[in-house]
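Undergrad: make a model of this:
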Amino acid sequence: MSKRNTHPKKPPHPKIPTSPNSRLHTQKPPHPKDRPPTPTSTLHTENPSRPSMPSFPAHLSPDIPNLSRPASGMYRVEILPTIEQPTTTPLQAQPLHFRTITSIFVGSLLVWLSLLWPYTQPLWPLPQTPEATLNFLGSAHRALGVLLASTLTLTAIAIPLTANNYTPKLISLFLKNHLNQAMFALFTFANVFTLFAIVWSGTARPPLWPLAITGFFTTVSFLLIIPYAFYVFRDLQPEMIICNIGRGIIQDLSRVPSLQDPSHISAIRHRVIQDLKYLSNITLRSVERHDRDTASFSIDALRCILDHYFKLKDTMPPHWFEVQRSDFLAHSGELRRQFQENRTFLEGEVMEEFAMILAASFGKLHDIVRMLGETMSYIGMQAQIHNLPRVLETTSLYFNTYLRAAISLRQPNAIYMLVFHYRKLAEALMLVNPERTVKITFYLDYYGHQAVRSGMVFVANLIAYDLADLTALAYQRQASCRKELFQHFLQFDNEDQMRRLPGVIKSHIKLATTLYPLDALEEVDALCLALQKVPHDLLSDAFQQIDGVQHSTYWEVTDRRKHNDYIEPAFRPYFDALRKRLHASPSTPPSAIPHNTHTIQ
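TA: This is a model prediction of the structure:
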């Protein structure tokens, strides 16, 4: 037997951390008999025409989504911490203070009229002569006229100015608001009734009831004008505009499942698409003004709309998915047909708006780029949870489009954040949808090479680290796609230019160090063989740089908090053994170089 096939006694493994928060969590999963029962029902009514996707097991690692079913029988989705589920819903209605204030004023007025009027009449006697009556009604009419004119002026100036800054949809929202209609109806009716009261008071003995009603409407109008002004100004805030548009879209979506008339369904679909574009326009204008809060709030509203739509999608009638050219004038015919065949026109419209927002945010608001990456990862996870494979495919389609745009426009910060969140989506889908994880790995490999051809070499270093971390995690979780991920990683440096990049070299070293205690012997040998092709000086520099990193986190604020070159103390012995193996003398014959990880000493 040759020396190569002999395996000396393997040194004891250092203790590997098994904390739930550690990425090196390699504790074996519990036996199937000891595992908690996995719910068998689904989150929604299954669509027989749609291919099924694997559901999430209940015993997953803490860093991927987990489904739990409380006693109420309804599923609760927890996104930990790979893709965090937002804790607030931007479309929740704020407290309507106008109703409270109005109720207090009107209630107090009615109590005064019903209880105190008989006792206050001697103090405030009604006019007893025609001249006094006309003076009273004339004063009330002038006051009500000024009140109506002031309200019209206020709204005629404030509403168009705000609509010009954000969206013209505000005008229609204001006109359709029932409270605004009621207030203008009250002021108009009070003015008209006062005119008739003046005519009725021209008699010799004018009746008292027109005077009482005029006094009532005058008092109510002046009591309500202050709360109503606060209400109007509150509705002019950008957050409230977004909430009102978003709630309108959700109400329209909720009505569709109960409709049968194709024309009515088509009208609602057209209105929903237009409202989505209004929300996108608010974001675009906010980005132009560097209004980060409004832009992020609008993006979160679009996410909430998709959350609601995913719950209703299986109940939508077939006419809902019949896309018309008038709804997608900016899209090509092939893309419209694909949306209609996949029934993803609404998701595609939202992601198309995200593409416009992303292009406008390049070089301006990095927070918006980061939020778009997180939102796309969240949408992909929700598509998996709701068993929507075509939506997940559309998510990858637009993720790739965003990466292509960032590389074409040479936006390093955007590439940095998009690649990170794309990798996080692949990690979350690793156990439940390994095929999609393999595809995402292929896409990252492809765009890494495209970035190098565009002169952005650092992107290849970045993606090499991500592929190494993704592969290491697959082996730690014993994912079924780990072999395919490893082959993609090995093929990433198939070009001489890629093989000499420092990030590519160090990612090979880190992956080999991580895989050794996991008994992935063949993979470690393959990595060592690839590293032996690297020039000796570059390999030595890579080991020195990794060895010099003593802290696990970056000293700057980035999405990737863990330092790419950090080796945990538990893996230091394997790192040192790997360095001794690869630093063998060039004159050493190949048979003397240990090729199996059992011989690393």
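Undergrad: tell me how far residue 254 lies from residue 453.
TA: Distance, residue 254 to residue 453, by C-beta to C-beta, to the nearest Å: 48 Å. Where C-beta positions appear, they are placed from N, C-alpha and C, glycine not excepted.
Undergrad: phi, psi for residue 416 please.
TA: phi -60, psi -50 (degrees, to the nearest 10).
Undergrad: contacts only, for it.
TA: 462, 558-559 (C-beta atoms under 8 Å, 6 or more residues apart in numbering).
Undergrad: if we use 10 Å, what do you get?
TA: Each residue near residue 416 by C-beta atoms under 10 Å, 6 or more residues apart in numbering is listed here: 366, 369-370, 373, 406, 458-459, 462, 558-560.
Undergrad: next one: residue 434
TA: Applying C-beta under 10 Å, 6+ apart to residue 434 gives the contacts 54, 426, 474, 479-482, 484-485.
Undergrad: now the helices for the stretch 301-450 of the chain?
TA: Residue ranges of the helices in the stretch 301-450 of the chain, as given by DSSP state H, counting those that start in this stretch, are 333-342, 345-361, 366-385, 389-408, 412-428, 434-453.
Undergrad: next, residue 278: secondary structure please.
TA: helix (DSSP: H, G, I helix; E, B strand; the rest coil).
Undergrad: I'd say it and residue 302 touch.
TA: No - taking C-beta atoms under 10 Å as the definition, residue 278 is not a contact partner of residue 302, at 11.1 Å.
Undergrad: so for the two, which sits in the more crowded spot?
TA: residue 302 (25 against 22; other C-beta atoms under 10 Å).
Undergrad: once you drop chain neighbours, what's closest to residue 553?
TA: The spatially closest residue to residue 553, leaving aside those adjacent along the chain, is residue 561, at 5.2 Å (C-beta to C-beta, 6 or more residues apart in numbering).
Undergrad: distance check, residue 400 against residue 466.
TA: 15 Å.
Undergrad: more neighbours: which of those two?
TA: Remark: of residue 400 and residue 466, residue 466 carries more neighbours, 24 against 18, as counted by other C-beta under 10 Å.
Undergrad: what strand or helix carries the more buried one?
TA: helix 457-476 (DSSP states H and E).
Undergrad: pull the CA atoms of that helix into CSV?
TA: As requested, the backbone C-alpha atoms of helix 457-476 are provided in CSV (Å, rounded to 0.1, in the frame of the first residue of the first chain):
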residue,chain,number,x,y,z
VAL,A,457,-11.8,43.3,-9.4
PHE,A,458,-12.9,43.7,-5.8
VAL,A,459,-16.4,42.3,-6.7
ALA,A,460,-14.8,39.0,-7.4
ASN,A,461,-13.0,39.0,-4.0
LEU,A,462,-16.4,39.8,-2.4
ILE,A,463,-18.3,37.1,-4.2
ALA,A,464,-15.5,34.6,-3.5
TYR,A,465,-16.0,35.2,0.3
ASP,A,466,-19.8,34.8,-0.1
LEU,A,467,-19.5,31.6,-2.1
ALA,A,468,-17.1,30.2,0.5
ASP,A,469,-19.4,31.1,3.4
LEU,A,470,-22.4,29.7,1.6
THR,A,471,-20.6,26.4,0.9
ALA,A,472,-19.3,26.1,4.5
LEU,A,473,-22.8,26.7,5.8
ALA,A,474,-24.2,24.0,3.5
TYR,A,475,-21.7,21.5,4.9
GLN,A,476,-22.5,22.5,8.4
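Undergrad: gap between the next helix or strand after that helix and the chain center?
TA: Downstream of helix 457-476, the first helix or strand assigned by DSSP H and E is helix 482-491. Relative to its parent chain, helix 482-491 has a centroid offset of 30 Å by C-alpha atoms, centre = their mean, to the nearest Å.
Undergrad: may I see the buried residues of helix 482-491?
TA: Within helix 482-491, the residues scored as buried using 16 or more other C-beta atoms under 10 Å are 482-486, 488-490.
Undergrad: please apply the same query to stretch 544-558.
TA: Result for stretch 544-558 [16+ other C-beta under 10 Å]: buried residues residue 546.
Undergrad: from the middle of its chain, how far away would that stretch be?
TA: 30 Å.
Undergrad: coming back round to it: between residue 254 and residue 453, tell me which one has more neighbours.
TA: Higher neighbour count among residue 254 and residue 453: residue 254, with 14 against 11, using other C-beta under 10 Å.
Undergrad: just the element for that one, please.
TA: Using DSSP H and E, residue 254 sits within helix 238-255.
Undergrad: pLDDT at the residue nearest to residue 553, what is it?
TA: Confidence at residue 561, expressed as pLDDT, is 79.
Undergrad: which phi and psi does it have?
TA: According to degrees, to the nearest 10, residue 561 has phi -70, psi -30.
Undergrad: how about residue 454?
TA: Dihedral pair for residue 454: phi -90, psi 0, per degrees, to the nearest 10.
Undergrad: from residue 493, how far off is it?
TA: 18 Å.
Undergrad: higher neighbour count, those two?
TA: Set side by side, residue 454 and residue 493 show more neighbours around residue 493, with 22 against 13, by other C-beta under 10 Å.
Undergrad: ok, now which ones touch that one?
TA: Residues near residue 493 by C-beta under 10 Å, 6+ apart: 460, 464, 499-501, 504-505, 507-508, 530-531, 533-534.
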